[in-house]
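In: Here's a sequence, model it:
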Amino acid sequence: MAGKDRKKELARQRYERQEARRRAQQARARRVRIIGSVAAVAVIAGGAGGFVVLTGDDEKKAEPQAKAAGDCTYNKAADDKGAPKDLGTPPAKPAHKGAVQTTLKTSQGTVGLTLDGAKAPCTTNSFAFLAGKKYFDGTECHRLSTSEGLKMLQCGDPTGTGQGGPGYQFADENLEGATYPKGTVAMANAGEGTNGSQFFLVYGNSQLPPSYSVFGKITSGLDVLEKVAKAGVDKPGDDGTGKPKKKVEIQSVAIAGK
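Out: Below is the predicted model of the structure:
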């Protein structure tokens, strides 16, 4: 090959490699993932400084909640992967103002939750609404992390891929001073104001920035999560997370009094 043609070929190959990397980065950005810089956890996909829990799609942020009126705002999402037809949105007026006892029945055992309707009324309102619609029934918890500094099981995606949601989004709540110790229940998101239906259950103290709405605590069934974690991650990705080897399917979610 002539020198000039060789240069053209090398330039073409370099361009194709760059395009492949760009497409891979875009694909990773659309998956639910956890990235970070805590010890023993590699920073991937350009993440910097702490963990980022993302849900699949780059969508319009939810408008701030109308807190003065006590109302919640649920905006239509640009992408409604997995959303049941005619699901609708939760009522603007939160149905719960205090502690809400919740039972999460899974294929691996029962997990008891107490949702915080006082500190996270709009998040609790959404979760209770989806539970009442049986939205979570038959869905698979699609992401497990067993790394030091991040021990959680992520659920709530009807597609089981990390890209699904209820077809609406809403703003963050209860972030000031938020921490994620063992027993925390919090929302996953794709950035500020993009909460949907995906949530994560923390079975061991985790190091995360206050970016994920804390809306409850695990009151029983931590042993169920620990059993799942002990079995490990099936085909872990670059960040060490992935589907749990021991499949966890949510069978039903019961809200006390409903």
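In: how about the helices in the stretch 51-200 of the chain?
Out: When assigned using DSSP state H, counting those that start in this stretch, the helices of the stretch 51-200 of the chain occupy the ranges 121-132.
In: phi, psi of Asp80?
Out: Phi and psi for Asp80, reported as degrees, to the nearest 10, are phi -120, psi 40.
In: my bad, Gly177
Out: Here the main-chain torsion angles of Gly177 (degrees, to the nearest 10) amount to phi 70, psi 20.
In: burial of it, as a residue count?
Out: Gly177 sits with 7 neighbouring residues when counted by other C-beta atoms under 10 Å. In this view, the C-beta of every residue, glycine as well, is placed from N, C-alpha and C.
In: quick one, what contacts the closest residue to it other than its chain neighbours?
Out: Of all residues not flanking Gly177 in the chain, Pro210 sits nearest, at 6.6 Å (C-beta to C-beta, 6 or more residues apart in numbering). Taking C-beta atoms under 8 Å, 6 or more residues apart in numbering as the definition of contact, the neighbours of Pro210 are 175-179.
In: which SSE is Pro210 in?
Out: Secondary structure assignment for Pro210, by DSSP states H and E: no helix or strand.
In: I'd like to check which residues are in contact with Ala95.
Out: With C-beta under 8 Å, 6+ apart as the criterion, the residues that contact Ala95 are 125, 128-129.
In: That one and Phe199: what is the separation?
Out: From Ala95 across to Phe199, the span is 18 Å (C-beta to C-beta, to the nearest Å).
In: and what of Ala229?
Out: On the measure of C-beta to C-beta, Ala229 and Phe199 end up 17 Å apart.
In: From the neighbour counts alone, determine which of the two ranks first.
Out: Phe199 (29 against 20).
In: Please name the nearest non-neighbouring residue to the more buried one.
Out: In space, Phe199 comes closest to Gly156 once its chain neighbours are excluded; the distance is 4.8 Å by C-beta to C-beta, 6+ apart.
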